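A.B. asks: Got a sequence here, can you build the structure:
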Amino acid sequence: MPALERHWYRLTPVSLLLLPLSLVFCALVQLRRALYRLGLLRQTRLPVPVIVVGNITVGGTGKTPLVIWLADILRQAGYRPGIVTRGYRGKSQTWPVAVTPQTSVEQVGDEAVLLARRSGCPVLAGPNRVAAAQRQIAEGCNVIVSDDGMQHYRLHRDLEIAVIDSARRFGNRLCLPAGPLREPVSRLKSVSVRVANGLPETGELGMVLVPTGFYSLANPEQRASPDQFRSGPVHAVAGIGNPERFFSSLRGLGLDVIAHPFPDHHAFQAAELEFDDNRPIILTEKDAVKCESFANAQYWVLAVEARPDASLGEQILQRLKETIRGQEAA
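C.D. replies: So this is what the prediction gives:
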C-alpha cells in the first residue's frame, strides 16, 4: 500500500486505472454498513456509553492524541473510561490483551502501548472490540472509548468523533485502492462530531497538536528544550501516516531537519537509524516505543498533546449525560 500513497492525493493514470476496484470496494463498504443498519448483521449494544474515535482515511490524522485527551477529560468529569483498540500489527496469540506501559510492541502494536503509557486508564487490545469492551465493563469501566473504531460496526456506538487531516483532507476523494478513503466522504454526514487536525472547515471543530517538550529515549527523566537542538541539523525520523506533519512541527520550533520518512507503523531496526554522524535523532512518540531496545544518548522524543476546540469537551460530556439518562430510562 505505501507504493500507492503518492497516487492518492491527486488523480494520476495509476489511480484512474484502479478506479474500477475502488468502485467495487466502495460498494461493498456501503453494503456492509446497510446490512448493520437494517439489522441483518447484528450490532452489540453495551450497557454503558461507547465513544468511537476514528477517521475515513488511511493513515494518521491525530486520533491517538485525541483519544488520550478524551480519556483525560472523562476522568476529570468523574467517569471511569476504558480504551479498546485493535492492536494493529500485534502478534499476540490470544486476544484481548490487557496493555500496560511494559507490554511489548511486538505483542500488541505501537498505538496500544502508547495509549497505555499516556492515557492513564485501562487499555485492552484485540481485533474483537466487543469482547474487549465487555471485559472493560466487567472490570469496572463505565465509558468505553474505541480507538480507530469507525468501521467496526459490530460495536454499537453512542457518539462518533471523526478526525480529519486538515492539510491532506480526503486526497483524490476515491476509495481504496485508487484513493485513501476507507469509506466515502458522505459517511461524515452521520458522525456526531468532525474534528480537523489543523484549520477546520464549515461544520468542523479545530484541533492542534502542541509540542510539550523533548525527552531522552534512553533516559526519559532527561528533558531538553528546542534551544538544545538549534546548533546544527538533526535527524528527524517518522513512521506515521503523515510524516511531513512531524517534520513541520520540528521546523516550527526552529530546528534544521534532515527528514527520514518511513511507512506508517514501520518496525524499526537499529541499522536503519545508524547515521554517519553524531547528530541527535528525534522521533515521534509512537515510533519511540519501537526503538527503546537500541536507543542511546542520541535518541530524543518530541512529546505532543491534542488541544481541540473547547466546545468539543462540552459536547461530549453533554451527550454522555443524555445517553446515560436514556439507558437508565430504558
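A.B. asks: shaky segments in the stretch 101-250 of the chain?
C.D. replies: Judged against pLDDT under 70, the stretch 101-250 of the chain has no low-scoring part.
A.B. asks: ok, which stretches of this structure are strands?
C.D. replies: Taking DSSP state E as the criterion, the chain carries its strands at 50-54, 81-85, 97-99, 123-125, 143-147, 159-165, 193-197, 205-216, 223-224, 234-238, 257-261, 281-283, 299-308.
A.B. asks: a markdown table for the ones you listed, including distance to Phe25 and mean neighbour count?
C.D. replies: For every residue, glycine as well, the C-beta is placed using N, CA and C. A markdown table is the format used below for the strands of the chain (distance: least, Cβ to Cβ, whole Å; neighbours: other Cβ atoms under 10 Å):
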| stretch | distance to Phe25 | mean neighbour count |
| --- | --- | --- |
| strand 50-54 | 18 | 25 |
| strand 81-85 | 24 | 29 |
| strand 97-99 | 30 | 22 |
| strand 123-125 | 26 | 30 |
| strand 143-147 | 23 | 27 |
| strand 159-165 | 19 | 23 |
| strand 193-197 | 23 | 23 |
| strand 205-216 | 29 | 16 |
| strand 223-224 | 45 | 14 |
| strand 234-238 | 28 | 23 |
| strand 257-261 | 26 | 17 |
| strand 281-283 | 33 | 25 |
| strand 299-308 | 30 | 20 |
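A.B. asks: Take those and write them to a markdown table, including distance to Ala116.
C.D. replies: What follows is the strands of the chain, written out as a markdown table (distance: least, Cβ to Cβ, whole Å):
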| stretch | distance to Ala116 |
| --- | --- |
| strand 50-54 | 16 |
| strand 81-85 | 8 |
| strand 97-99 | 4 |
| strand 123-125 | 4 |
| strand 143-147 | 11 |
| strand 159-165 | 20 |
| strand 193-197 | 22 |
| strand 205-216 | 17 |
| strand 223-224 | 22 |
| strand 234-238 | 21 |
| strand 257-261 | 26 |
| strand 281-283 | 18 |
| strand 299-308 | 16 |
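A.B. asks: To Arg187, which of these lies closest?
C.D. replies: Closest to Arg187 of the strands of the chain, according to Cβ to Cβ: strand 159-165, at 8.1 Å.
A.B. asks: Send me that closest one as CSV with only the CA atoms.
C.D. replies: Extracted in CSV, the C-alpha atoms of strand 159-165 (Å, rounded to 0.1, in the frame of the first residue of the first chain):
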residue,chain,number,x,y,z
LEU,A,159,-21.0,9.1,19.9
GLU,A,160,-18.7,9.1,16.9
ILE,A,161,-15.8,11.5,16.5
ALA,A,162,-14.3,11.6,13.0
VAL,A,163,-10.8,13.1,12.9
ILE,A,164,-9.7,14.8,9.6
ASP,A,165,-6.2,15.8,8.5
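A.B. asks: name the helices or strands packed onto that strand?
C.D. replies: Using 3 or more Cβ pairs under 8 Å, 6 or more residues apart in numbering; DSSP states H and E as the contact test, the elements touching strand 159-165 are strand 50-54, helix 63-76, strand 193-197, helix 310-329.
A.B. asks: hmm, who's touching the longest one?
C.D. replies: Outside of helix 310-329, the residues that reach it under the criterion Cβ atoms under 8 Å, 6 or more residues apart in numbering are 47-49, 51, 70, 73, 77, 79, 143, 158-159, 161, 192-193, 195, 205, 207.
A.B. asks: buried stuff in it?
C.D. replies: Within helix 310-329, the residues scored as buried using 16 or more other Cβ atoms under 10 Å are 312-313, 316, 319-320, 323-324.
A.B. asks: Output these in JSON lines; the columns should cover pLDDT and distance to Ala288.
C.D. replies: Formatted as JSON lines, the buried residues of helix 310-329 follow (pLDDT from 0 to 100; distance: Cβ to Cβ, whole Å):
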{"residue": "Leu312", "pLDDT": "97", "distance to Ala288": "27"}
{"residue": "Gly313", "pLDDT": "96", "distance to Ala288": "28"}
{"residue": "Ile316", "pLDDT": "97", "distance to Ala288": "29"}
{"residue": "Arg319", "pLDDT": "94", "distance to Ala288": "34"}
{"residue": "Leu320", "pLDDT": "95", "distance to Ala288": "32"}
{"residue": "Thr323", "pLDDT": "92", "distance to Ala288": "36"}
{"residue": "Ile324", "pLDDT": "90", "distance to Ala288": "37"}
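A.B. asks: okay, these in TSV with distance to Gln134 next?
C.D. replies: Output for the buried residues of helix 310-329, formatted as TSV (distance: Cβ to Cβ, whole Å):
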residue	distance to Gln134
Leu312	27
Gly313	27
Ile316	22
Arg319	22
Leu320	19
Thr323	18
Ile324	18
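A.B. asks: of all these, which comes closest to Gly90?
C.D. replies: Lowest distance from Gly90 to the buried residues of helix 310-329 (Cβ to Cβ) belongs to Ile316, with 28.1 Å.
A.B. asks: how far away is Ala310 from Gly206?
C.D. replies: Going from Ala310 to Gly206 by Cβ to Cβ, to the nearest Å gives 10 Å.
A.B. asks: got it, and Arg168?
C.D. replies: 16 Å.
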